[in-house]
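Student: give the three-dimensional model of this entry:
(one chain, ligands or ions: 1)
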Amino acid sequence: MQRIFSGIQPSGIPTLGNYLGAIRNWVKLQDDHECIYCVVDMHAITVWQDPKLLPIQTRELAASIIACGIDPKRSILFHQSAVRAHAQLAWIFNCVARFGWLARMTQFKDKAGKDRENASAGLFVYPNLMAADILAYHATRVPVGEDQRQHLELANDIAQKFNHDYGVNFFPPIEALILGPAARVMSLRDGTKKMSKSDPSDQSRINLNDDPDTIALKLRRAKTDPLPLPSEPEGLEKRPEARNLVGIYAALADLDVADVLREYGGAGFSRFKEALAELMIAKLAPIAAETRRLLADPATIDAILREGAARAAAIADPIVAEAERLVGFLRA
Ligand code: AQP
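Tutor: Sure thing, here's the model as predicted:
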């Protein structure tokens, strides 16, 4: 059985993008993989997080992941800061990865923006920690959204350079699993921008805890163009907002984009948005309700995370200890 690792930041309420690009695929992978899923709070603090809110968001995200269908008995679910191996291996990788490799990462450029001098050093070395998250478990498959492809290529470069520099075959190659028609869900306000939980505009995204009225309203207000929907996928080219909404529909309905357009080709957006709202509410309302139910008992969520961390550390600690031995750290 191949080992899966994937993570998500507790930097806000998870969005439809996080769900369709990542969490929903995590659920399916539980059937035929050994799965390790992590709430990556150490990644979250690469940009400012209110220390009073961070533990609450960590717990809420864990509840939401379980509500989406992750079974914490079958999969390991934990939060990153509870397993020290991540930070230990990340330091080694800070010394393996080259400055020039990191400087090419588009996510750093996007997140640091124009004020790059003021970005945290943690944001710059974020991909090294991500490589450590995966390789501390010798995980070989990583389900992510399209936005993480470049980071996974870098993780492979780090693994290869470590193996080369120390003359070993210790870290395995990693395969990115980028699945489904909504691997890149875009903002509802701008079809060229990724939907993000930390976007300042709440109208730009669907949060997994939005109530049905909010979902319907956000979709009604979603930016579109004046043309009716095309009958073929090629007709979506150069229409980013239309492509986004049709991709979301296809993903939620488990259909191909072509099937959706066979049904809605020629329709105006008001009819299509109504159908999309109905489908989205049917899929997301049970997740929101289950998250609320789980959060009524925070001690149980904390116990799940604690047990997950113990199981995760049992795998990662010996692997990272071996990496440290290969590097030459004295174990006196
Ligand atoms: N819009 C998206 N479409 C498809 N997949 C997405 N993911 C994120 N946004 C989209 C995938 O969700 C997983 C967890 O992401 P993350 O929370 O670790 O970080 P992120 O990619 O930076 O997500 P956000 O929502 O944009 O967070 P903030 O706003 O805090 O930066 C990843 O697999 C990601 O690909």
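Student: over to Thr15: give its phi and psi.
Tutor: Main-chain dihedrals, Thr15, degrees, to the nearest 10: phi -110, psi 170.
Student: how close does it get to Lys52?
Tutor: 22 Å (Cβ to Cβ, to the nearest Å). In this view, the C-beta of every residue, glycine as well, is placed from N, C-alpha and C.
Student: what do you get for Glu237?
Tutor: 46 Å.
Student: the two: which is more packed in?
Tutor: More crowded of Glu237 and Lys52, by other Cβ atoms under 10 Å: Glu237, with 10 against 7.
Student: any buried residues in the longest helix belonging to the chain, and which?
Tutor: Counting by DSSP state H, the longest helix found in the chain is helix 298-327. Within helix 298-327, the residues that qualify as buried by neighbour count (16 or more other Cβ atoms under 10 Å) are 301, 304-305, 308-309, 311-313, 315-316, 319-320, 323-324, 326.
Student: and the residue of the stretch 201-332 of the chain closest to the ligand?
Tutor: Residue nearest to the ligand within the stretch 201-332 of the chain: Arg205 (8.0 Å; Cβ to the nearest ligand atom).
Student: how about stretch 80-87 as PDB, C-alpha atoms only?
Tutor: What follows is stretch 80-87, C-alpha atoms only, in PDB (Å, rounded to 0.1, in the frame of the first residue of the first chain):
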ATOM      1  CA  GLN A  80       1.900  19.700  12.500                       C
ATOM      2  CA  SER A  81       3.400  21.500  15.500                       C
ATOM      3  CA  ALA A  82       2.600  18.400  17.700                       C
ATOM      4  CA  VAL A  83       5.200  16.300  15.800                       C
ATOM      5  CA  ARG A  84       8.700  17.800  16.200                       C
ATOM      6  CA  ALA A  85      10.100  15.700  13.300                       C
ATOM      7  CA  HIS A  86       8.700  18.200  10.800                       C
ATOM      8  CA  ALA A  87      10.800  21.100  12.100                       C
END
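Student: can you list the neighbours in contact with it?
Tutor: 7, 38-43, 129, 132-133, 136, 305-306, 309, 312-313, 316-317, 319-320 (Cβ atoms under 8 Å, 6 or more residues apart in numbering).
Student: mean confidence (pLDDT) on that stretch, please.
Tutor: In this model, stretch 80-87 has an average pLDDT of 98.
Student: does stretch 232-252 come close to the ligand?
Tutor: No: using Cβ under 6 Å from any ligand atom, we find that stretch 232-252 stays clear of the ligand, coming within 9.5 Å at best.
Student: buried residues of that stretch, list them for me.
Tutor: 233, 235-236, 239-252.
Student: repeat for stretch 89-100
Tutor: Buried, per 16+ other Cβ under 10 Å, within stretch 89-100: 89-90, 92-94, 96-97.
Student: closest to Ile215 out of those?
Tutor: Proximity of the buried residues of stretch 89-100 to Ile215 (Cβ to Cβ) peaks at Ala90, which lies at 37.7 Å.
Student: can you give me phi and psi for the residue lying closest to Glu175 once chain neighbours are set aside?
Tutor: For Glu175, ignoring the flanking residues on the chain, the nearest one in space by Cβ to Cβ, 6 or more residues apart in numbering is Arg141 at 5.0 Å. The phi/psi pair for Arg141 (degrees, to the nearest 10) reads phi -130, psi 140.
Student: how about Glu290, what does it touch?
Tutor: 66-67.
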